[in-house]
Structures are given as structure tokens and as C-alpha cells.
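> next come a sequence and a model predicted from it.
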Amino acid sequence: MTMSNKAKMVVDKDFKIGEVDKRIYGSFIEHLGRAVYGGIYEPGHESADEQGFRSDVMELVRGIDVPIVRYPGGNFVSGYNWEDGVGPVESRPRRL
């Protein structure tokens, strides 16, 4: 017995059931290469603010309208303990 299932799909670009929240298109940053250290976070750089974040990099990110940036992102999030990032910087544990 031969069965032939056929599916049909109609796409109508003008049919809308709701708005898509732009935060779904967020981004993340990983501490690889110069992405964080020497990139967005570089104390002592001429454009760094009082917390060490580079204002020139932050302006570029604002320019591409990224709605949300998650850190850490990707594979690094599984090994990150948020409590390590709380308190005075000099008292925080250093990890590889």
C-alpha cells in the first residue's frame, strides 16, 4: 500500500498575530581574546569610565541597538558563579 502525504503551507507576509519583543534578539559576550579584557572592560584606557568600562565600545554597541547583553554567555555561563562577581573588586576570587 502506497501512502502519499502532502502538506501545504501558505505564507502571507501581511498576516500578523502579535508583535515580537525586540529583546528576543539580544546578544552575549564571552571572555575570549579581547572581547572583555582589552575590549569592553579596560581600566586605564583613555575612554574608560570610573568602573573601567570603555565608553567608546559602549557607544558602538548602542549604535547597533542591541536590546540586551548577557554576560557571561555561551559555554562560560556553566562555570560562572555569580557570587564571585559581588563585592569589592580586590576581594573577588580570581579564576582561570
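Sure thing, it's come through.
> please enumerate the helices of this protein.
Along the chain, counting by DSSP state H, helices occupy 55-63.
> got the contact list for the spatially most central residue of it?
With distances taken as Cα atoms, centre = their mean, the residue of the chain nearest its centroid is residue 28 (1.7 Å). Applying Cβ atoms under 8 Å, 6 or more residues apart in numbering to residue 28 gives the contacts 69-74. Any C-beta I mention is one placed from the backbone N, CA and C, and that applies to glycine too.
> if any of those are buried, put those into a ChimeraX selection.
Buried members of those, defined by 16 or more other Cβ atoms under 10 Å, are picked up in ChimeraX with:
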select :71,72,73
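> hang on, the earlier thing: what about the residue nearest to the centre of the chain, distance to residue 70?
Distance of residue 28 to residue 70, computed by Cβ to Cβ, to the nearest Å: 4 Å.
> and residue 56, how many neighbours?
11 (other Cβ atoms under 10 Å).
> which pLDDT does the model give it?
pLDDT, residue 56: 94.
> let me see the contact set for the closest residue to it other than its chain neighbours.
Leaving out its chain neighbours, the residue that sits closest to residue 56 by Cβ to Cβ, 6 or more residues apart in numbering is residue 47, at 4.3 Å. Counting by Cβ under 8 Å, 6+ apart, residue 47 touches 54-57.
> thanks a lot, see you next time.
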